[in-house]
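> A predicted structure for the sequence below; I have some questions about it.
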Amino acid sequence: MKGTVDYLDDAKRCLKVESDYALAKALNIRASTISGYRAGRSHFDETTALKIAVTCGIEPMEVIAAAAYERAKSPDVQSIWMGAWEKFSTGFRWLALPANACGAWIPQV
């Protein structure tokens, strides 16, 4: 599962910026907020997750689910968000669709 830092790095690539300061400016958030994300002191809120998803052309629920997974305090809640992330992530779709195309009787997605 991709985490906050992975999505930050994706956003930097999509925006073609080198620094976290430039990323913060592009996303209209504070550089210290980016620093907190990288250090694990805080996690994306839904608005930041949406900004990153739109910037990179990612399914918004994928990023929201990943952020919620990181914020979750209990394994039960983490499991729920992991399931949601798997349903929305592109990687999961690429794994499931070929299996279905190869003759699986049960829809995989």
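Now that the structure is in, tell me what you want to look at.
> Now do the contacts for the closest residue to residue 7 other than its chain neighbours.
Spatial nearest neighbour of residue 7, chain neighbours left out: residue 52 (5.2 Å); criterion: CB to CB, 6 or more residues apart in numbering. Bear in mind the C-beta positions are built from the backbone N, C-alpha and C, glycine included. Residues counted as contacts of residue 52 (CB atoms under 8 Å, 6 or more residues apart in numbering) are 7, 8, 10, 11, 27, 44, 58, 63.
> I figured the last one was touching residue 53, is that so?
To tie it back to what came earlier, the one meant is residue 63. Yes - counting by CB atoms under 8 Å, residue 63 touches residue 53, with 4.5 Å between them.
> Looking at these two now, which is surrounded by more residues?
residue 63 (29 against 20; other CB atoms under 10 Å).
> and the residue nearest to residue 18 when sequence neighbours are not counted, how many residues sit next to it?
Excluding its sequence neighbours, the residue lying closest to residue 18 (CB to CB, 6+ apart) is residue 12, at 7.3 Å. Neighbour count of residue 12, defined by other CB under 10 Å: 19.
> Okay, and residue 12 sits in which element?
Counting by DSSP states H and E, the element that carries residue 12 is helix 4-15.
> helices or strands next to that helix in the packing?
When contacts are defined as 3 or more CB pairs under 8 Å, 6 or more residues apart in numbering; DSSP states H and E, helix 4-15 sits against helix 20-27, helix 31-39, helix 46-56, helix 60-71.
> Could you pull out the buried residues of it?
Judged by neighbour count (16 or more other CB atoms under 10 Å), helix 4-15 contains these buried residues: 4, 7, 8, 10, 11, 12, 14, 15.
> before we move on, what about stretch 26-34?
Neighbour-count burial for stretch 26-34, counted by 16+ other CB under 10 Å, picks out 26, 27, 29, 33, 34.
> likewise stretch 62-79?
62, 63, 64, 65, 66, 67, 68, 69, 70, 72, 78.
> Tell me where this protein is predicted with low confidence.
By pLDDT under 70, the weakly predicted segments of the chain are 90-109.
> run the last query once more with 80
Applying pLDDT under 80 to the chain picks out residues 81, 84-85, 88-109.
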